[in-house]
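Participant: Quick one: sequence and predicted model below, then my questions.
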Amino acid sequence: MLADFQQALADLTASPDFCRRVRQDPAILHQTYQLTDREWRRLTAIVNHRGMECACILYRANRLAPLAMNVPLTCRALGSALRDIVSEFWTEYPETNVHFYIETIDSAVSCRPRLRKAEGSVLK
Amino acid sequence: MPTTRNRPAVGLLYNPATPDLVNHAPELVEYLAVMPDRLWFDFGPQASGRRFHRTLEAIEEIRQYVRGRLLAGHGLGLSLPSAIPLDEEFVDAIAVMSADLGGFQWFSEHLSVFLTPHGSVPNAQAGLGLPVIYDEETFEIMRGKLLRMKSALGCPILMENGSFFTPVPDLDMSEPAFLNRLQREGLCDTLLDLHNLYVGWRNDSPPPSEYIEELDPDAVVEIHLGGGDDFAGFYMDSHSGLTPPEVWQYAYDYVPRFKRLRAITFEFQETYYERIGVDALVAELNQMHELAACCNLEASAAHAR
């Protein structure tokens, strides 16, 4: 069904790891989504297209931009730890917000436990 | 006394850097498109209090700059092809903003899936515009929403072609055929983003000429120009620069055919404003006027100034 196709495409775009798993075993799409054969073939073709990498990059860039603009010092302080912290958050909360402030607040609130965890190794 | 012109207006998609640019060349900017999504904080349908919180200072600034200029609305958040009901509160909020700013001449939205149907929150956003399945099911989803929007906003609706990196195979209709049908059935007109076509071509889609040749020229009411940049082996629609020469070439080749064209609009991202430079942007506006001068519109599309 169309709604499941759209959700699956959004989920794939938000997760390079999910893309990799679907490339290895396209049948796993049927475990989560109700798809016609045609929809399943379309998703399989999309996930194997070279542009999928770009869509995934763009998704992550669009989520990183609000943080880089609104909490740049936090991003700088986290350094190489930033990648893991935001990746974990983005996996848990794949839905974004077009408003940079709201996206930043959501990220900051949700990442607080992860930041505490990182505090010992990074923030000190 | 207003005078009627037989060429499209030249303008900008409004962003926080626009006032400075307009101050440098007020006579070159005849049209502004504003994005309601950027003029409020939307706390979503599940908000415990008021859902939309307007950015009053920004709206007041726009009010000053739209005076004496053609005004339209440009949306991002309605995601009309999504298999979800139309966000009526959102549409009503756009209608209120339109009335507040003196009335949008038209309202455009993106032909892409931006909201996901089964997110963990209502109106969950996908993070970028995703490609659309062009078939009867999507057409019927859009038909109902477009009719409702036209009625609520009281102005024509335009749908804009997107830039996608992953083409959908085995479609029932091509994108231009889908847009043609939307227009033929009186549901909406087309906002043709020439730079988006260039982005597609740079990332392995067919050349823009194929797309434009298939599109009904009478459907096109606005065009977008803009620039992007290369990243990780792809060309991005980042609105980070001036319109590339190839896009200008499509514009000169095809825009004079669009007899209902009302606006030629340049898009740039405000964070690149200083890097692009005011002088270069003024030169871009001048070139847009040269392009507009190549058009000879039908009387019904001519507008007063």
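Facilitator: The structure has been received and is ready for your questions. For clarity, every value in this text was computed on a predicted model and none was experimentally measured.
Participant: Which residues of chain A lie near chain B?
Facilitator: Listed as neighbours of chain B in chain A under the rule Cβ under 8 Å from any Cβ of the partner chain: A:1-7, A:9-10, A:13-14, A:38, A:41-42, A:45-46, A:49-55, A:57-59, A:62-63, A:69, A:93-99, A:101-102. C-beta coordinates here come from the backbone N, C-alpha and C atoms, glycine included.
Participant: In helices, which of those appear?
Facilitator: Among those, the ones falling in helices (DSSP state H) are A:2-7, A:9-10, A:13-14, A:38, A:41-42, A:45-46, A:51-55, A:57-59, A:62-63, A:69, A:101-102.
Participant: need the contact list for whatever residue of the stretch 151-300 of chain B ends up closest to chain A.
Facilitator: Of all residues in the stretch 151-300 of chain B, B:Phe165 sits closest to chain A, at 3.3 Å by Cβ to the nearest Cβ. B:Phe165 sits next to A:His49, A:Gly51, A:Met52, A:Cys54, A:Ala55, A:Leu58, B:Asn203, B:Phe234 when contact means Cβ atoms under 8 Å, 6 or more residues apart in numbering or on different chains.
Participant: Model confidence for it, exactly?
Facilitator: Predicted confidence (pLDDT) for B:Phe165: 91.
Participant: Name the nearest residue to it, ignoring sequence neighbours.
Facilitator: Leaving aside its chain neighbours, B:Phe165 sits nearest to A:Gly51 (3.3 Å; criterion: Cβ to Cβ, 6 or more residues apart in numbering or on different chains).
Participant: Just to check, the one you found is in contact with B:Asn203?
Facilitator: Yes: counting by Cβ atoms under 8 Å, B:Asn203 is a contact partner of A:Gly51 at 6.0 Å.
Participant: which residues do the two both contact?
Facilitator: Residues within reach of A:Gly51 and of B:Asn203 at once, by Cβ under 8 Å, 6+ apart, are B:Phe165, B:Phe234.
Participant: where in chain A is pLDDT low?
Facilitator: A:95-103, A:105, A:107, A:109-124 (pLDDT under 70).
Participant: Could I get the contacting residues of B:Gly119?
Facilitator: Counting by Cβ under 8 Å, 6+ apart, B:Gly119 has contacts A:Gln7, A:Ala10, A:Pro94, A:Glu95, B:Gln125.
Participant: Okay, buried residues for stretch B:268-287 please.
Facilitator: By neighbour count on 16 or more other Cβ atoms under 10 Å in any protein chain shown, the buried set for stretch B:268-287 is B:Phe268, B:Gln269, B:Tyr272, B:Tyr273, B:Ile276, B:Leu281, B:Glu284, B:Leu285, B:Gln287.
Participant: got the contact list for B:Leu13?
Facilitator: B:Leu13 makes contacts with B:Leu32, B:Ala33, B:Met35, B:His74, B:His224, B:Thr265, B:Phe266, B:Glu267, B:Phe268, as judged by Cβ under 8 Å, 6+ apart.
Participant: next one: A:Pro94
Facilitator: Shown in contact with A:Pro94 (Cβ under 8 Å, 6+ apart): A:Ala10, A:Asp11, A:Ala14, A:Ser15, B:Gly119, B:Ala124, B:Gly127.
Participant: Could you rerun that using 6 Å?
Facilitator: A:Ala14 (Cβ atoms under 6 Å, 6 or more residues apart in numbering or on different chains).
Participant: how much space is there between it and B:Gly119?
Facilitator: Going from A:Pro94 to B:Gly119 by Cβ to Cβ, to the nearest Å gives 8 Å.
Participant: same deal with A:Ala65?
Facilitator: The separation that A:Ala65 has from B:Gly119, given Cβ to Cβ, amounts to 20 Å.
Participant: hang on, isn't B:Leu215 packed against B:Pro176?
Facilitator: Yes: between B:Leu215 and B:Pro176 there is a contact at 4.2 Å, judged by Cβ atoms under 6 Å.
Participant: which parts of the stretch 201-305 of chain B sit against chain A?
Facilitator: B:Asn203, B:Ala232, B:Phe234 (Cβ under 6 Å from any Cβ of the partner chain).
Participant: Among these, filter down to the buried ones and hand me the PyMOL syntax, if you would.
Facilitator: Buried subset of those, written as a PyMOL selection, criterion 16+ other Cβ under 10 Å:
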select buried, chain B and resi 203+234
